[in-house]
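sequence below, structure please.
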Amino acid sequence: EVATGAVTTLAGSGTRGSADGVGGAAQFRNPLGVAVSADGSDLLVCTSDSLRQVCVSAPPPPPTFAPIVVPPSTLVADLGKMWGDATLPTGLVTFIVGEDEERLEKVSKSLLCIRSVFFRTMFGIGMKERDAAEVTVPHADLATFTALVDYLFADELDLGEEEGGRVQRALALRQLAQMYQVPRLELLCAQALQESVGPASAVPLLEAAHTTGDGRLLAQCRRYVADHAAEVRAS
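Residues are numbered from 1 along each chain as shown. From the prediction side, this is the model:
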């Protein structure tokens, strides 16, 4: 430091040798010149017979991914909202789902409304769906839409039994949770996806995270692929 005259040793310990390293772990023999990286974290030291790289400080540890925290269920509190609310619709609705027009029969409109802002608007006063016996859902498959409705009625997440299928169901169900404004279900799906990152799923999940803009899952998959490259290639 020019102003104070203080001297700081950035690299080497006084022991003669030839080794890359962090700070004092680096060793030199007859150093002749020094170059500094643009960010100041590395030195390149030219000696009489070699070029050594020195990390001025230890590299940062790899990022950790804290578990996703899912809030407690609100099912009981939501059910209490049904009493005395004259704005809630009455009756049941049948959903016509997907390109194959599969049917999900006799679903309570009032229960859908107290559990989802989207359905509250869809079946609200003045909306044509309020008195409709059937509603078309073109953007989903029956299994995933049924999983959404089952969650709204029971607060239980059903992703199926098959491992590969669970990942795809979680991705599709998270999209429906976003669309139908069910934030706790969205978190449960994100939690399931985070826990499912492995040799066979890391690359497909990375691609899905890139497509959906999920930065957290994208970073986790990238880290997993970097740390387990051989296992990922073998899967």
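
element containing the residue lying closest to A192 once chain neighbours are set aside?
Leaving aside its sequence neighbours, A192 sits nearest to A170 (Cβ to Cβ, 6 or more residues apart in numbering; 4.6 Å). The C-beta positions use only the backbone N, C-alpha and C, and glycine is treated the same way. In this structure, A170 is located in helix 163-179 according to DSSP states H and E.

Q181 now?
Assigned by DSSP H and E, Q181 belongs to no helix or strand.

quick check: it vs C113, distance?
In this structure, Q181 lies at 12 Å from C113, with Cβ to Cβ, to the nearest Å as the measure.

just P31 next, same as before
In this view, P31 and C113 are 75 Å apart by Cβ to Cβ.

so which residues of the chain form helices?
Taking DSSP state H as the test, the helices found in the chain are 75-80, 109-115, 117-122, 142-154, 163-179, 183-195, 202-212, 215-227, 229-234.

count the neighbours of A192 for me.
Taking other Cβ atoms under 10 Å as the criterion, the count of residues near A192 is 19.

okay, it and L173: tell me how far apart.
Separation of A192 from L173 (Cβ to Cβ): 9 Å.

show me which helix or strand of this structure is least confident by mean pLDDT.
Across the helices and strands of the chain, the lowest-confidence element by mean pLDDT, DSSP states H and E is strand 51-55, at a mean of 57.

where does this structure dip in pLDDT?
1-12, 19-26, 28, 35-45, 47-65, 162-164 (pLDDT under 70).

how far away is the spatially closest residue to V197 that is not a sequence neighbour from Q175?
Counting by Cβ to Cβ, 6+ apart, V197 lies nearest to Y224, which is 5.2 Å off, once chain neighbours are set aside. Relative to Q175, Y224 is positioned 22 Å away (Cβ to Cβ).

ok, those two, which is more surrounded?
Comparing Y224 with Q175 by neighbour count (other Cβ under 10 Å), the higher total belongs to Y224, at 21 against 16.

quick check, the more buried one in contact with A202.
Yes. Under the criterion of Cβ atoms under 8 Å, Y224 is in contact with A202, at a separation of 4.8 Å.

which neighbours do A192 and L173 share?
Common neighbours of A192 and L173, counting by Cβ atoms under 8 Å, 6 or more residues apart in numbering, are L157, L159.

so between Q181 and C113, which is more surrounded?
Higher neighbour count among Q181 and C113: C113, with 25 against 15, using other Cβ under 10 Å.

skipping adjacent residues, who's closest to the more buried one in space?
Looking at C113 with Cβ to Cβ, 6+ apart, the closest residue is R120, at 4.4 Å.

picking that back up, what is in contact with Y224 and A202 at once?
V232.

now for E134: which residues touch it?
Counted by Cβ under 8 Å, 6+ apart, E134 has contacts V93, T94, F95, I96.

redo that, cut-off 10 Å
Under the criterion of Cβ atoms under 10 Å, 6 or more residues apart in numbering, the neighbours of E134 are V93, T94, F95, I96, R103, E105.

ok, M122 touching S116?
Yes. At 8.7 Å, M122 counts as touching S116 under the criterion of Cβ atoms under 10 Å.

shared neighbours, the two?
Common contacts of M122 and S116, defined by Cβ under 10 Å, 6+ apart, comprise Y180.

tell me which of those two has more neighbours.
Taking other Cβ under 10 Å, M122 and S116 do not tie; S116 has more neighbours (23 against 20).
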